[in-house]
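K.L.:
Here's a sequence, model it:
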Amino acid sequence: MKDDLTANSQGVSYQAAFGAGDSQAGQFKGIARYGALTVATGGASAIVSYPAEEQIYFALEGNGVLHYGEQNVPLRKNDYLYLPVGVPHGVANESVRPVRLLVMGFRIPRGTSVAPTPSLMLANADDVALQPVAGHGPTALFKLLMGTTESRRDKLAAASQMVSLFLMDFAPGGTNIPHHHEMEEEIYYILRGHGDMVAGGGADGNEGRYPAREGDAFLIRLNTTVGFYSGSHSGDHDQVLAVRSRFPFPQRRE
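P.N.:
Model (predicted):
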């Protein structure tokens, strides 16, 4: 699909999953975009910035260069970063292999003030330790990658509307125990392996299991039961990258 990042650029393509570029983009209130950006060898995306959208990039494959304001920063596989409102950014590829990134964007609601980020916030998921999270059982371990600026548990405390970016590692046959969220939307991306995605009826206990394979993305609406069951039965672990964001409920007038 055409996208801001592909405008007047060479060797760049964008696969829209949700939001901008998707035929059903009008359904989404808080999610501005979610898709995969591919930059071929010698290619470079357009330089973009948004006055009311924060973004997160997650590098799926390859080594590239991030243009961030006046900086040029190396990117490698499993790097992830926060892109605040108003900062020009783009990606170039001077390597011999394609660079592929997940692009996630979240709208800043009107009237919400977001303080400027003093410097680029970037980390690599390989440097984040796996740990259990209460309520999700012993067969799924979590890498807590990024949270809001108030976070005290995540590697990066950076965002406004994006509540939590995390990687889940499932033991063979494991699960993170299906659950639901009343105030947030969530997207699961199958990084590695396969299994059953849960997208059910919320508090009614209906799980609604669907086959899921590597590269699939699932958007989970408010109060939908969400979870994952590993499809591996040997030593291989399945991995899911998940992101949760605030739903922009209308503000009540006094």
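
K.L.:
For residue 246, which residues are in contact?
P.N.:
Residue 246 makes contact with 30, 106, 161, 163, 183, 184, according to Cβ atoms under 8 Å, 6 or more residues apart in numbering. In this view, the C-beta of every residue, glycine as well, is placed from N, C-alpha and C.

K.L.:
neighbours around the fifth one, how many?
P.N.:
Right, the one you point to is residue 183. Residues within reach of residue 183, counting by other Cβ atoms under 10 Å, total 11.

K.L.:
ok, it touching residue 247?
P.N.:
Yes: Residue 183 is within contact range of residue 247, at 6.1 Å (criterion: Cβ atoms under 8 Å).

K.L.:
Need the residues touching each of these two.
P.N.:
Between them, residue 183 and residue 247 share the contacting residues residue 222, judged by Cβ under 8 Å, 6+ apart.

K.L.:
Select, from the contacts of residue 246, the two members most distant in space.
P.N.:
Greatest spatial distance among the contacts of residue 246 (Cβ to Cβ): 106 and 183, at 14.1 Å.

K.L.:
quick revisit: drop anything exposed from the contacts of residue 246.
P.N.:
30, 106, 161, 163, 184 (16 or more other Cβ atoms under 10 Å).

K.L.:
among these, which are in helices?
P.N.:
Using DSSP state H, no member of those falls in helices.

K.L.:
What is the lowest-pLDDT residue among the residues you listed?
P.N.:
The pLDDT minimum for these sits at residue 30, where the score is 89.

K.L.:
Measure how buried the closest residue to residue 171 other than its chain neighbours is and give me the count.
P.N.:
Of all residues not flanking residue 171 in the chain, residue 139 sits nearest, at 4.5 Å (Cβ to Cβ, 6 or more residues apart in numbering). Residues lying near residue 139 (other Cβ under 10 Å) number 17.

K.L.:
Could you shift the numbering so residue one becomes 8, and keep it that way?
P.N.:
Will do, 8 is the new start, and the previous item becomes residue 146.

K.L.:
Residue 177 versus residue 146, what's the distance?
P.N.:
Distance, residue 146 to residue 177, by Cβ to Cβ, to the nearest Å: 6 Å.

K.L.:
Give me the common contacts of these two.
P.N.:
Joint contacts of residue 146 and residue 177 (Cβ under 8 Å, 6+ apart) are residue 237.
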